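In: Here's my sequence, what's the structure:
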Amino acid sequence: MSDLPSLSANPDHPDRQYVLGQELRVSILTSAEETDGRHDVVDSFMPAGAATPLHAHTRYEERLWVSSGSLTVWAGDRKVTLRSGDFYTIPLRVPHAIAAGPDGARALNISSPAGFAELIARAGTPLRLATATTALDVELFNALAEEMGDILLGPPGATPADLRSEPPTRT
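Out: Okay, here's the model as predicted:
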């Protein structure tokens, strides 16, 4: 894991750094407990070519601010490429997928109300325990994501254009 860049850390909670397999490294800067559930903020890094599954959030909006590298976001009928300094909001229930560019991407992820940081803390591997072979527990991640109101719509590489019907409206 040493080839990934260092992420910001909250000095009050230095242990809140996680990996999701080799696809994502995350540092939780602010959690729901610290904001009465209003939002959470994580500093994240995706290596070159890493991609999320196609999914939608039914309980929180996702906001991305790219600090380095680039991310391509497919959200609904839009496709945007975000570079350093760019910001984008993914509204509730909008099917979306995110992929890191050729140099990877570092971004702040802000969810409101809070939700994403909890998913990371429950499904991720603490950074101090991670190795170069640490894999994502896909079954655990999927179960927790569903429990938290996320809807998985397709594998990494799928985009909203691949959907044949209206997005789900689970509440």
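In: Next secondary structure element downstream of the top helix by length along the chain?
Out: Counting residues, the longest helix in the chain under DSSP state H turns out to be helix 138-147. Where DSSP states H and E defines the elements, the next helix or strand beyond helix 138-147 is strand 150-154.
In: helices or strands up against that following strand?
Out: If contacts are counted by 3 or more CB pairs under 8 Å, 6 or more residues apart in numbering; DSSP states H and E, strand 150-154 sits against strand 54-57, helix 138-147. In this view, the C-beta of every residue, glycine as well, is placed from N, C-alpha and C.
In: Point out the most buried one among those.
Out: Per-stretch averages of neighbours, counted by mean count of other CB atoms under 10 Å, single out strand 54-57 among the helices and strands packed on strand 150-154, with a mean of 22.
In: What average pLDDT does that one get?
Out: What strand 54-57 shows for mean pLDDT is 97.
In: Which strand residues bridge Tyr63?
Out: Let me fix one detail, which is that residue 63 is Arg and not Tyr. Here Arg63 sits in beta bridges with Thr89, Ile110, as judged by DSSP bridges.
In: contacting residues around it?
Out: By CB atoms under 8 Å, 6 or more residues apart in numbering, the residues touching Arg63 are Phe87, Tyr88, Thr89, Ile90, Asn109, Ile110, Ser111, Ser112.
In: quick one, strands of this structure?
Out: 17-20, 24-30, 40-46, 54-57, 61-75, 78-83, 87-90, 96-112, 125-126, 150-154 (DSSP state E).
In: Now do the third one: which elements does it pack against?
Out: If I follow you right, that is strand 40-46. Looks like strand 40-46 contacts strand 24-30, strand 96-112, helix 116-123 (3+ CB pairs under 8 Å, 6+ apart).
In: Tell me which residues are up against stretch 153-163.
Out: Identification of contacts with stretch 153-163 by CB under 8 Å, 6+ apart yields 51-56, 74-77, 79, 94-97, 99, 167-168.
In: ends of that stretch, how far apart?
Out: From its first residue to its last, stretch 153-163 covers 8 Å (CA to CA, to the nearest Å).
In: buried sites along that stretch?
Out: Leu153, Ala158, Thr159, Pro160, Leu163 (16 or more other CB atoms under 10 Å).
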